[in-house]
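Trainee: Predicted model and sequence below, questions to follow.
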Amino acid sequence: MAKEGERIRVPDLLEMKGAGRKIAMLTAYDATMAGIMDAAGIDVLLVGDSLGMVVLGEDSTLGVTLDMMVHHCRAVAHGAARALIVADLPFLTYHTGVEDAIRNAGRLVQSGRAAAVKLEGGAAYCGVVRALTDAGIPVMGHLGLLPQHVHRLGGYRAVGKTRDEADRLAADAHALEQAGAFAVVLEMIPAELARRVTGELSIPTIGIGAGPHCDGQVLVSCDAFGLFQGFVPRFVKRYADLGAVIAQATRAYIDEVRGGAFPSSEHSIAAASEAAAPK
Ligand code: KIV
């Protein structure tokens with residue numbers, strides 16, 4: 001396992017599962033926030049394609065491009081010294097074949113400075129997972145609610161509630177493990193199904209809306225910290241209300257600018273003669 005101050009690497013997650021140490025993962029999209037979460041000790045920073053919704057104001061993740069992901073991933077990588085950095089492969093960057101997938105994932109590693117990529121889907125993408133892993137690009141899988149499949153699913157809904165869906169998801173999880181995935185995100189599935197998959201796999205599971213039995217948990221940081229003002233799923237726990245803090249600070253700033261209280265002499269640049277004058 002990574003020692004104090006050392007960068008967390010892909011094999012460390014497997015060791016954490018073995019040692020029963022839960023993996024804490026949050027999303028990040030810029031260097032400043034990444035630096036704060038990294039210094040606080042987060043294990044994994046995911047540059048999620050949730051970027052489209054919580055940062056860029058889109059109504060789904062489908063409009064996120066590889067260029068956007070590279071841009072934000074590089075910023076996160078600049079901000080974080082210790083966390084493992086995983087970047088989402090956005091919609092249509094791995095669906096058209098293994099060569100495209102390798103080229104696109106390679107850009108996230110080479111230009112975005114990610115250590116690993118995440119992709120949505122199970123058995124249908126195992127060829128891609130194998131090829132990326134063989135090319136030296138570690139892959140995190142993603143099963144359950146797949147936001148890139150929002151149109152097929154007919155909305156953002158829980159998955160795996162029927163016996164058939166649950167068995168299919170478990171089979172997909174095994175297929176990803178066999179194809180070389182180093183971890184798998186389980187999104188919005190029943191806690192009992194997450195417990196089953198976590199028990200059956202040797203690679204770690206990271207849950208989001210999947211109950212307490214996974215090997216780790218991930219949340220969208222803008223949801224968890226109260227920054228995102230749109231719809232927030234019920235499974236999210238709000239650890240801070242930064243939206244309210246920022247709104248309050250903004251009102252205070254506006255009042256002081258309008259009232260002339262800011263800038264005071266303390267925040268003004270002194271002339272050379274003043275600065276040099278003896279106190
Ligand atoms: O894009 C994202 O933020 C994600 C998480 C919800 C796991 O994929």
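Mentor: Received it, and whenever you're ready, just let me know what you need.

Trainee: So which residues of the stretch 151-279 of the chain form strands?
Mentor: 183-187, 205-208, 216-219 (DSSP state E, counting those that start in this stretch).

Trainee: Can you give me the neighbour number for the residue in the chain that the ligand sits nearest to?
Mentor: In the chain, the residue that lies nearest the ligand is residue 48 (2.3 Å; C-beta to the nearest ligand atom). In this view, the C-beta of every residue, glycine as well, is placed from N, C-alpha and C. Counted by other C-beta atoms under 10 Å, the residues lying close to residue 48 total 31.

Trainee: if we can go back for a sec, mind putting the strands of the stretch 151-279 of the chain in JSON lines, distance to the ligand, mean neighbour count and mean pLDDT included?
Mentor: Listed next are these as JSON lines, based on distance: least, C-beta to the nearest ligand atom, whole Å; neighbours: other C-beta atoms under 10 Å; pLDDT from 0 to 100:
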{"stretch": "strand 183-187", "distance to the ligand": "5", "mean neighbour count": "27", "mean pLDDT": "98"}
{"stretch": "strand 205-208", "distance to the ligand": "5", "mean neighbour count": "27", "mean pLDDT": "98"}
{"stretch": "strand 216-219", "distance to the ligand": "5", "mean neighbour count": "22", "mean pLDDT": "98"}
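
Trainee: can you list the ones you listed in JSON lines and add distance to residue 110?
Mentor: Below are the strands of the stretch 151-279 of the chain laid out as JSON lines (distance: least, C-beta to C-beta, whole Å):
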{"stretch": "strand 183-187", "distance to residue 110": "22"}
{"stretch": "strand 205-208", "distance to residue 110": "25"}
{"stretch": "strand 216-219", "distance to residue 110": "25"}
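
Trainee: need the residues of this structure near the ligand, please.
Mentor: 27, 46, 48, 49, 50, 88, 185, 208, 218, 220 (C-beta under 6 Å from any ligand atom).

Trainee: redo that, cut-off 8 Å
Mentor: By C-beta under 8 Å from any ligand atom, the part of the chain that sits against the ligand consists of 25, 27, 46, 48-51, 54, 61, 88, 118, 120, 142, 147, 185, 187, 206, 208, 218-220.

Trainee: So which of those belong to helices?
Mentor: 51, 54 (DSSP state H).

Trainee: re earlier: nearest residue to the residue of the chain closest to the ligand in space, please, no chain neighbours.
Mentor: residue 27 (4.3 Å; C-beta to C-beta, 6 or more residues apart in numbering).
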